[in-house]
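Visitor: no sequence for this one, just the structure:
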DNA sequence: TTGAAAGCGCTAACAG
DNA sequence: CTGTTAGCGCTTTCAA
């Protein structure tokens, strides 16, 4: 266990004290230089940097965390799917976290784990993170079973598009704008002259799915239209296909808003197979703008979510909450809506709809 | 800064010493219990656990890392895309890491960062990880510019499907089986009677793209067929579309192997628009089996990569290397191939190919 | 089977 | 502008 006090290839990595010795300053001064603190003369700074370079010094984060009580890391809870939306959001979060200078730790909610998100948060807390992002919250229906209350979360939590899933003292909600987008696509369909719009929803445990449903409902209500029964899928193209077979049988269906592109594509396939043309007989819009959306047949009308912008703003607010525990949280702004009209939407067939533009 | 020595709501979280005091044992004994060390009587263990529970004790990982020199975390370098393949692999890695009991840290290679993967690795090293996974290596062409040599990587590195991108003493290569899969799909096309197979490749900086190209080439060579010029895309459906316009003009093209499904879909659209039917005139196969692959028109023949299996085995080997620095690395096994034949492939049109099955 | 002592490498107060 | 002195909460020896 001998540590060579001088330089030279030792088996253990160099410490700040080694750098200090080589630079002829105190250890604290090395710390100052690496933390960009004020009050270090340019000359000393240079000498320290040079010594550090020479030794190949890098700060020990464990020691930093222990001494300061902060890990400078943020944990994100994901759902462990490669679905385009969640995956894009995760990438946005990564970029945003990196911009803030924090490190990123990732935990999935485990498949069969009954503790779900709470369990994932717990494991993040075990690791010692300064803040938590729940990128794709789902409602685990845990009211009353105690799961929620057992975890004491004392770091700020950012939840993307949902109310707090458990009691934490400092929760920030990041609006992802899904509701407004859903409203917009529904209105796009209404504007084309459709009497009403059907909705192929995502699984309602997901808040992302609920937001879209809410937006759809709001649009119909605002325009005084009938609200047809909701069909619920599971985000998969297969479930969209299944729903499509049902909907194809109903001649009243002239417009469908699917909660994601995958389902929309399955839906279109089922409609087509049933002899209902898209968009001549039935208009379909999706959600997400997955990479192939413009190249399927027909090219899909859809909306694109501003994942990067949402993640960036959310993280700015989270970091603010971390670093200013007492201050009021920063306000959130509404992300922009990006409706992409392609060829899967059109006016309803003349036989079926009055062509009146009822505005 | 007073810390209440007893229990009670203190502002600072409880330490192992607090637990020890409450349980009436030494602090070291608490440590023993939480590390599942031998030589702790059942009675003591019980008491310690109870005290810990009561206090809401959780181990401080920073302190553990500092004292033991291990962070019990693994870092993964990703490319920051939501492409289905990379995203799926990342999710597989997360699951696999969690199974090993390590924590996961994620870093993207930054868009405009010239240091690329080396920079990402460096930042992981800064954070102090025990091992590194490079999930989607690309060739950054950095030979001679010194980028590679400057980083001293002293932890084991697992690279998925590529030779080591830089000199690190302990590098493991995880075969993802892409080459074999590419061979298999190419042979599938040959078996259908196509005289040769064109390849729409991915960007050749990606090793994943090179593997597929190699497999394609190997199949053609093994069967003594002509090797048509390679068209290179960028994974996007748009690039597949562009390539498709080119290929559609060439009547000799009867079968195309696209390096991913997105490009295949773009390609099919271009072919269709040019009047060449898929699969009657041209067969197309993709790669990845993205969620919508079965629902586009025509349903796409493709291969599915065993991301979870690859990640699991890779991580087992990485952890082995971390925990047994001296031992020989574990051997890798070949992942299985899962060819999914759907409706985008068929025998070549009679006008164009001799219908001989040349085996 | 248990405990005491000694750090791990850094930051946080204070002095100068 | 720079240095000194204490810890942060664990794991690691080494004893008992």
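Guide: Arrived safely, thanks for sending. Remember, it's a predicted structure, so these values are computed and weren't measured experimentally.
Visitor: which ones are touching residue A:49?
Guide: residue A:33 (C-beta atoms under 8 Å, 6 or more residues apart in numbering or on different chains). In this view, the C-beta of every residue, glycine as well, is placed from N, C-alpha and C.
Visitor: what residues does the stretch 201-350 of chain A have near chain B?
Guide: Selection of the stretch 201-350 of chain A residues close to chain B by C-beta under 8 Å from any C-beta of the partner chain yields A:236-238, A:240-241, A:261-262, A:265-266, A:268-269, A:272, A:290-292, A:294-297.
Visitor: so which of those belong to helices?
Guide: Of those, the ones assigned to helices by DSSP state H are A:237-238, A:240-241, A:261-262, A:265-266, A:268-269, A:272.
Visitor: distance of the residue of the stretch 151-300 of chain A found nearest DNA strand C from residue B:282?
Guide: As assessed by C-beta to the nearest atom of the strand, DNA strand C sits closest to residue A:155 within the stretch 151-300 of chain A, at 16.7 Å. Shown here: residue A:155 relative to residue B:282, a distance of 56 Å by C-beta to C-beta, to the nearest Å.
Visitor: cool, and residue A:42?
Guide: Residue A:42 is 68 Å from residue B:282, by C-beta to C-beta.
Visitor: show me which of these two is the more surrounded one.
Guide: With neighbours defined as other C-beta atoms under 10 Å in any protein chain shown, residue A:42 and residue B:282 compare such that residue B:282 has more, 28 against 7.
Visitor: residues contacting the residue in the stretch 251-359 of chain A that DNA strand D sits nearest to?
Guide: Per C-beta to the nearest atom of the strand, residue A:325 is where the stretch 251-359 of chain A lies closest to DNA strand D, at 17.1 Å. By C-beta under 8 Å, 6+ apart, the residues touching residue A:325 are residue A:170.
Visitor: that one: what secondary structure?
Guide: coil (DSSP: H, G, I helix; E, B strand; the rest coil).
Visitor: any idea of the pLDDT on it?
Guide: In the predicted model, residue A:325 carries a pLDDT score of 86.
Visitor: now the one 3 residues further on
Guide: With respect to pLDDT, residue A:328 has a value of 88.
Visitor: can you count the residues close to it?
Guide: Around residue A:328 there are 8 residues (other C-beta under 10 Å).
Visitor: quick one on the thing from earlier: measure the residue of the stretch 251-359 of chain A closest to DNA strand D to chain B for me?
Guide: Distance, residue A:325 to chain B, by C-beta to the nearest C-beta, to the nearest Å: 12 Å.
Visitor: and if you look at residue A:212?
Guide: In terms of C-beta to the nearest C-beta, residue A:212 sits 18 Å off from chain B.
Visitor: for the residue of the stretch 101-250 of chain A found nearest DNA strand D, grab the count of nearby residues.
Guide: The nearest approach of the stretch 101-250 of chain A to DNA strand D comes at residue A:128, 10.0 Å away (C-beta to the nearest atom of the strand). Residues near residue A:128, counting by other C-beta under 10 Å, number 24.
Visitor: show me the contacts for residue A:176.
Guide: A:89, A:160-161, A:208, A:211, A:305, A:310, A:335.
Visitor: how about 7 Å then?
Guide: Residues near residue A:176 by C-beta atoms under 7 Å, 6 or more residues apart in numbering or on different chains: A:160-161, A:305, A:310, A:335.
Visitor: out of these, name the ones that lie in helices.
Guide: The helices, defined by DSSP H, take in residue A:310 from the contacts of residue A:176.
Visitor: per-residue confidence for residue A:342?
Guide: Residue A:342 is assigned 98 on the pLDDT scale.
Visitor: same check on residue A:3?
Guide: With respect to pLDDT, residue A:3 has a value of 50.
Visitor: and residue A:305, by the same measure?
Guide: For residue A:305, the pLDDT comes out at 91.
Visitor: OK, contacts around it?
Guide: Taking C-beta under 7 Å, 6+ apart, one finds A:85, A:176-177, A:181, A:288 in contact with residue A:305.
Visitor: looks to me like residue A:218 is in a helix.
Guide: Yes. Assignment of residue A:218 by three-state DSSP places it within a helix.
Visitor: contacts only, for it.
Guide: Residue A:218 sits next to residue A:183 when contact means C-beta under 7 Å, 6+ apart.
Visitor: same thing with residue A:174?
Guide: Residues near residue A:174 by C-beta under 7 Å, 6+ apart: A:158-161, A:310, A:314, A:332.
Visitor: which residues does the residue of the stretch 101-250 of chain A found nearest DNA strand C contact?
Guide: Going by C-beta to the nearest atom of the strand, DNA strand C is nearest to residue A:130 of the stretch 101-250 of chain A, at 12.8 Å. Contacts for residue A:130 (C-beta under 7 Å, 6+ apart) come out as A:70-74, A:155, A:322.
Visitor: swap in residue A:200?
Guide: Residues near residue A:200 by C-beta under 7 Å, 6+ apart: A:231, A:233, A:240, A:243, A:256, A:258-259, A:263, A:267.
Visitor: run through the residues of chain A sitting next to DNA strand C.
Guide: For chain A, the residues in contact with DNA strand C (C-beta under 7 Å from any atom of the strand) are A:3, A:12-13, A:15-17, A:27-28, A:31, A:34-35, A:57, A:59-60, A:63-64, A:66-68.
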